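Colleague: just the structure for this:
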Amino acid sequence: MSFQLDGKVALVTGNSTGIGKAIGLALGKLGAKVPINFCNNRDRGEAALAEYRTANVESVLIQSDVTSEEGVDQLVAQTEKELGNVDIIVLNATCDQPLKTIEEYDWEFYQSMLDFFVKSPFLLTRRVLPHMKSNQWGRIINITSEVFHKAAAPFSAYVAAKGAQVGWSRSMSQELAPFGVTVNMVAPGWVPVERHEKDPQEMKDGYFATIPMKRWGKTEDIAHACCYFACPEADFVTGQTVAVNGGNSAWM
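Modeller: Residues are numbered from 1 along each chain as shown. Predicted coordinates for the structure are as follows:
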């Protein structure tokens, strides 16, 4: 087994930081060309680009909003121009994920969740499919979450959108299988990244106590699972979910 992606182009959304950055780096180290996608924070994007280039990953910095049709078209078009046609997409971009009761949410926030986890995957997949279908090869990897399967609360907006993302992925896996395009999911547990720096310590302690392996997940743990799904060795695997959460998987 080679586990190589030489000549492939992998588009990872929201990969200027955290889990997305680790996924892009891991795919790049296998030989893929990986653009850096960011929406607002150019300094963070520039820092990620420097890190990718230090790791000898061929990359380019692209600013775009992956929840808008115009942003998706611009992101893919610039990637095609500078790196080549997209063979692999990893749908990772997200927004804030507050814990709120149903009374505290409004529909605008629910809609923002759906935009990231249903609209964005739909727009990106539709945009890159012509190349994948003509090539009879492609990879779509959705970063979902254990929260849907564990029915986490009070977290209904995020959980509902993640559930929709799971359903969409499973349906697409059946639709695209005849074209050699696989659709799989990686469901992380709680991986402490930049967005969790201000989370209450008692919340962190409570979750940590549920991890059978008794260590926190690392961004690289998620990245390695994505690498498997992206590589030719996973050609006959589609519609599947891998939980990367240290064994906290009673829901499976």
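Colleague: and the residue nearest to the spatial centre of the chain, what's its pLDDT?
Modeller: Per CA atoms, centre = their mean, the C-alpha nearest to the average position across the chain is that of Asn92, at 2.4 Å. For Asn92, the model assigns a pLDDT of 94.
Colleague: hang on, it packs against Ile140?
Modeller: No. Using CB atoms under 8 Å, Asn92 makes no contact with Ile140, being 12.0 Å away. Just so you know, the C-beta spots here come from the backbone N, C-alpha and C atoms, and that holds for glycine as well.
Colleague: the stretch 51-200 of the chain: strands as residue ranges?
Modeller: Using DSSP state E, counting those that start in this stretch, the strands of the stretch 51-200 of the chain run over 61-63, 88-91, 138-143, 181-188.
Colleague: how about residues contacting the helix or strand bottoming out on mean pLDDT in the chain?
Modeller: The helix or strand of the chain with the lowest confidence, counting by mean pLDDT, DSSP states H and E, is helix 146-150 at a mean of 73. Here helix 146-150 makes contact (CB atoms under 8 Å, 6 or more residues apart in numbering) with 152, 155, 158-159, 162-163, 166, 187-189, 243, 245, 248-249, 251-252.
Colleague: out of those, who's the most crowded?
Modeller: When neighbours are counted by other CB atoms under 10 Å, Lys162 leads the contacts of helix 146-150 with 28 neighbours.
Colleague: where does that residue land on pLDDT?
Modeller: Lys162 is given a pLDDT of 91.
Colleague: now it: closest residue in space, sequence neighbours ignored.
Modeller: Computed as CB to CB, 6 or more residues apart in numbering, the closest residue to Lys162 that is not its neighbour in sequence is Phe148, at 4.3 Å.
Colleague: distance-wise, check the one you found relative to Ala50.
Modeller: Separation of Phe148 from Ala50 (CB to CB, to the nearest Å): 35 Å.
Colleague: next one: Phe229
Modeller: 27 Å.
Colleague: same check on Ile89?
Modeller: 24 Å.
Colleague: done for today, thanks.
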